[in-house]
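*Asks:* The following block contains a protein sequence and its predicted model.
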Amino acid sequence: MERKHFLTLGAGLTVGGLLGKSALQSETIDGKNQSLSNQKFDLKNPFPVAPNDSENQPEQDGPYWDFIRTLFPLNPNLTFLNNGTMGITPYPVLEALNKSFHHIAENAAYPMHDGSFEENLAKILGCKGSELAITKNVSEGVNLACRAINLKKGDEVIITLHEHVGGCAAWLYRAKTEGIVLKLAALGATAEETLKNIQAVKTKNTKVIAVPHIPCTIGQVLPVNEICAWARANGIISAIDGAHPLGMLQMNLKEMGCDYYSGCFHKWLLGPIGTGFFYASEEILSRSAIHHVAAYSVDKFDMSTTPPSLGELVNKTARYSYGTFPGPMYDGAKAALQFYQKIGPALIEKRVKFLSKEVMNGLYAVNDNPKLKFPILDGSQTQNGSAETSNVKTPIAWKMHHSHGPVIEVLTPEEEASRGAQVGFRIHEHPSKNAASNAQATKEGTPIANAASTAPLTPGTSTPQASQRFCDFARKNNVILRYVAENNIHCVRVSTHYYNNKKDINRFFEVLDMFLKEEGWL
């Protein structure tokens with residue numbers, strides 16, 4: 001049955017129309033002012049401003065990214081650096097949603113599903129449309145994968161110490177109710193180390209590896225291609241939590257070689273909230289259990305026969321998508337896909353990694369700030385009558401490895417292969433706030449290192465709460481971040497998407513400096 005309504009984004013639509021009455025002004029690459037309010041926004045035609053490639057650095061701030069920013073309704077008083085939780089929906093997607101809802105209401109057009117959306121999505125994901133099902137979110141996809149696999153008591157599943165509740169709850173529940181065993185793998189400082197950590201927990205009972213492509217905690221990119229290749233070579237089923245990559249990084253599911261992959265549209269793709277996808281490869285589908293069926297799951301049914309009869313499951317992953325389809329949400333997701341393709345996946349990946357590296361470099365610089373203050377608890381050891389010493393006397397170990405410094409501990413690897421658009425870091429407690437650290441002060445007046453400053457990231461241990469206080473402080477100053485409490489990691493996560501810019505990053509560091517002053521570090 002064919003769908004009765006289609007998205008016609010761009011027909012006669014202007015940027016001014018998207019934004020309301022405000023006329024926009026911008027500069028072209030050569031510095032000339034132009035009005036953008038009269039420029040037609042048509043996905044088939046170029047944007048009125050082009051990326052700056054004069055120095056082969058189109059990912060850097062300039063008129064093009066300034067124009068892209070105008071296509072987002074984000075409150076200008078907010079500095080939003082939490083795209084990892086929810087992307088800001090751009091005007092073209094909102095317009096598509098509005099058009100679709102109106103079309104249904106005005107024409108009594110019941111939304112039908114013809115599979116064309118999956119075909120378009122498959123071109124981006126590098127798979128077949130028949131291998132995709134549309135879901136509400138990643139959690140639904142993870143549950144579909146978890147329940148599709150036949151496991152018995154004692155069978156083992158490898159997961160990581162950096163799971164989101166949506167990525168691990170289904171497996172935890174099966175462990176609790178069915179007796180499967182979860183083997184925990186730690187993330188390494190490099191892709192190679194992470195792979196070795198995963199391989200190290202394998203036993204003869206390992207049946208599944210269920211890990212995130214990019215964990216919600218510190219934004220580290222896992223070597224999923226290598227993980228899935230290793231799993232396949234060892235007869236292990238791979239189920240990947242893909243909440244973050246789509247819209248951030250380019251990927252190809254066939255090249256990845258996973259059996260199952262669960263993703264969403266509302267984060268980095270900037271689609272409507274409540275939309276996602278589930279991938280099951282052709283090879284695994286026939287061996288995959290299904291526990292809920294309805295319209296679109298089966299090819300036919302007949303209640304008039306004796307006994308009532310049911311046909312066969314449709315021979316595609318869409319069997320997991322059933323019932324009434326949210327047509328407008330599909331249209332919004334389709335617009336998000338088109339918007340993503342128009343800007344360009346390669347350029348977006350380059351842009352977001354550029355911005356996140358700016359954040360990472362700025363965090364490293366905090367530890368090298370000569371104005372950092374450390375208390376001297378022995379009153380005889382003062383400097384110019386002050387009971388503090390500066391960062392000039394910071395122990396050399398901190399200078400040599402400042403990702404693990406006296407104030408900031410950067411948790412996301414700097415390695416290119418392990419880095420995406422997010423940076424996770426912890427803020428250590430100032431020694432003056434930590435009685436245990438005070439007791440460690442030496443009579444030489446050495447700057448005090450608290451336990452968290454000298455120990456590696458170990459989920460499950462008690463850590464200071466300065467990171468949480470900072471996230472609260474930042475929100476009060478209109479900077480939106482993500483505090484990561486999962487698994488006692490206690491860190492701050494900064495997410496930078498292509499609509500962010502250096503101004504946002506500068507504001508973030510302004511607020512961080514304000515906080516460090518309140519904490520006594522500056």
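*Replies:* That came in fine, so what should we check first? Residues are numbered from 1 along each chain as shown.
*Asks:* Can you report phi and psi for residue 201?
*Replies:* Phi and psi for residue 201, reported as degrees, to the nearest 10, are phi -90, psi 0.
*Asks:* ok, it touching residue 181?
*Replies:* No. The criterion here is CB atoms under 8 Å, and residue 201 misses it with residue 181 at 10.7 Å. Every residue, glycine included, has its C-beta placed from N, CA and C.
*Asks:* Check the gap between the nearest residue to residue 117 once chain neighbours are set aside and residue 262 for me.
*Replies:* In space, and not counting its chain neighbours, residue 117 is closest to residue 330: 5.4 Å by CB to CB, 6 or more residues apart in numbering. Residue 330 sits 18 Å away from residue 262, going by CB to CB, to the nearest Å.
*Asks:* neighbour-wise, which of the two wins?
*Replies:* Neighbours per residue (other CB atoms under 10 Å) separate residue 330 from residue 262, with residue 262 holding more: 31 against 26.
*Asks:* just checking, the more buried one touches residue 278?
*Replies:* Yes. Here residue 262 reaches residue 278: they are 5.4 Å apart, a contact under CB under 8 Å.
*Asks:* what residues are shared contacts of the two?
*Replies:* With contacts taken as CB atoms under 8 Å, 6 or more residues apart in numbering, residue 262 and residue 278 have 135, 140-141, 144-145 as neighbours in common.
*Asks:* Let's have the residues you listed in a markdown table, adding pLDDT and neighbour count.
*Replies:* Converted to a markdown table, the shared contacts of residue 262 and residue 278 look like this (pLDDT from 0 to 100; neighbours: other CB atoms under 10 Å):
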| residue | pLDDT | neighbour count |
| --- | --- | --- |
| 135 | 96 | 23 |
| 140 | 97 | 21 |
| 141 | 97 | 31 |
| 144 | 98 | 25 |
| 145 | 98 | 29 |
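*Asks:* could I get the residues you listed as JSON lines with secondary structure?
*Replies:* As requested, the shared contacts of residue 262 and residue 278 are exported to JSON lines (DSSP: H, G, I helix; E, B strand; the rest coil):
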{"residue": "135", "secondary structure": "strand"}
{"residue": "140", "secondary structure": "helix"}
{"residue": "141", "secondary structure": "helix"}
{"residue": "144", "secondary structure": "helix"}
{"residue": "145", "secondary structure": "helix"}
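*Asks:* so residue 84 touches residue 495, yeah?
*Replies:* Yes. Residue 84 lies in contact with residue 495 (CB under 8 Å); the separation is 3.9 Å.
*Asks:* quick one: which of those two has more around it?
*Replies:* Counted by other CB under 10 Å, residue 84 and residue 495 do not tie: residue 495 has more neighbours, with 30 against 27.
*Asks:* List phi and psi for the more buried one.
*Replies:* According to degrees, to the nearest 10, residue 495 has phi -110, psi 120.
*Asks:* Look up how far residue 347 lies from it.
*Replies:* Distance from residue 495 to residue 347, by CB to CB: 18 Å.
*Asks:* what do you get for residue 518?
*Replies:* Between residue 518 and residue 347 the distance is 39 Å, computed by CB to CB.
*Asks:* for the stretch 301-450 of the chain, which spans come out with low pLDDT?
*Replies:* The stretch 301-450 of the chain contains residues with pLDDT under 70 at 375-404, 434-450.
*Asks:* just the strands in it please.
*Replies:* 301-302, 309-310, 373-375, 388-390, 408-410, 422-427 (DSSP state E, counting those that start in this stretch).
*Asks:* ditto for the stretch 151-300 of the chain
*Replies:* Going by DSSP E, counting those that start in this stretch, the stretch 151-300 of the chain shows strands at 156-160, 181-185, 206-212, 237-242, 260-264, 276-280.
*Asks:* Can you check which of those gets nearest to residue 489?
*Replies:* strand 156-160 (11.6 Å; CB to CB).
*Asks:* quick one, that closest one and strand 206-212 angle?
*Replies:* 20 degrees (axes from the mean of the first three to the mean of the last three CA atoms, to 10 degrees).
*Asks:* can you tell me which residues contact residue 251?
*Replies:* 125-126, 213, 245.
*Asks:* whoops, I mixed them up, residue 212
*Replies:* Counted by CB under 8 Å, 6+ apart, residue 212 has contacts 160, 162-164, 167, 222, 240-244.
*Asks:* same check, this time on residue 282
*Replies:* Counting by CB under 8 Å, 6+ apart, the residues that residue 282 touches are 128, 130-131.
*Asks:* Looking at those residues, state which has the most neighbours.
*Replies:* Going by other CB under 10 Å, residue 131 tops the contacts of residue 282 with 23 neighbours.
*Asks:* Ignoring the adjacent residues along the chain, who's closest to that residue?
*Replies:* residue 317 is the one closest to residue 131 (CB to CB, 6+ apart), at 5.2 Å.
*Asks:* from what I can see the one you found touches residue 283, true?
*Replies:* No. Residue 317 is beyond contact range of residue 283, at 11.8 Å (criterion: CB under 8 Å).
*Asks:* what's stretch 171-185 in contact with?
*Replies:* 146, 151-161, 194, 197-198, 200-203, 205-206, 210-211.
*Asks:* That one: which residues count as buried?
*Replies:* 171-172, 174-175, 180, 182-185 (16 or more other CB atoms under 10 Å).
*Asks:* Quote the end-to-end distance of it.
*Replies:* Distance between the two ends of stretch 171-185: 15 Å, counting by CA to CA, to the nearest Å.
*Asks:* Over it, what's the mean pLDDT, rounded is fine.
*Replies:* Throughout stretch 171-185, pLDDT has a mean value of 98.
*Asks:* Off-centre distance for that stretch?
*Replies:* 25 Å (CA atoms, centre = their mean, to the nearest Å).
*Asks:* Also stretch 64-76?
*Replies:* For stretch 64-76, the distance to the chain centre is 20 Å (CA atoms, centre = their mean).
*Asks:* helix/strand/coil for residue 95?
*Replies:* The three-state assignment at residue 95 reads helix, by three-state DSSP.
*Asks:* tally of neighbours for residue 325?
*Replies:* Residue 325 has 18 neighbouring residues, counting by other CB under 10 Å.
*Asks:* cool, residue 221 as well?
*Replies:* 26.
*Asks:* any idea how far it lies from residue 514?
*Replies:* Distance from residue 221 to residue 514, counting by CB to CB: 31 Å.
*Asks:* Kindly report the same for residue 77.
*Replies:* Residue 77 is 17 Å from residue 514, by CB to CB.
*Asks:* Residue 495 too?
*Replies:* Separation of residue 495 from residue 514 (CB to CB) stands at 21 Å.
*Asks:* which secondary structure elements does the longest helix seen in the chain contact?
*Replies:* Longest helix of the chain, by residue count under DSSP state H: helix 345-367. Judged by 3 or more CB pairs under 8 Å, 6 or more residues apart in numbering; DSSP states H and E, helix 345-367 is in contact with strand 408-410, strand 422-427, helix 502-519.
*Asks:* can we see that at 10 Å?
*Replies:* When contacts are defined as 3 or more CB pairs under 10 Å, 6 or more residues apart in numbering; DSSP states H and E, helix 345-367 sits against helix 63-70, helix 327-343, strand 408-410, strand 422-427, strand 491-495, helix 502-519.
*Asks:* Give me the buried positions along that helix.
*Replies:* Within helix 345-367, the residues scored as buried using 16+ other CB under 10 Å are 345, 348-360, 362-364, 366-367.
*Asks:* Just the terminal-to-terminal distance for stretch 199-219.
*Replies:* So stretch 199-219: terminal residues 21 Å apart, CA to CA.
*Asks:* Which helix or strand contains the nearest residue to residue 320 once chain neighbours are set aside?
*Replies:* Leaving aside its sequence neighbours, residue 320 sits nearest to residue 133 (CB to CB, 6+ apart; 4.2 Å). Element membership for residue 133, per DSSP states H and E: strand 132-135.
*Asks:* chain center to that strand, what's the gap?
*Replies:* 19 Å.
*Asks:* same check, this time on stretch 344-358
*Replies:* Centroid separation for stretch 344-358 versus its chain: 13 Å, with CA atoms, centre = their mean.
*Asks:* got it, and stretch 52-72?
*Replies:* That offset, for stretch 52-72, works out to 22 Å (CA atoms, centre = their mean).
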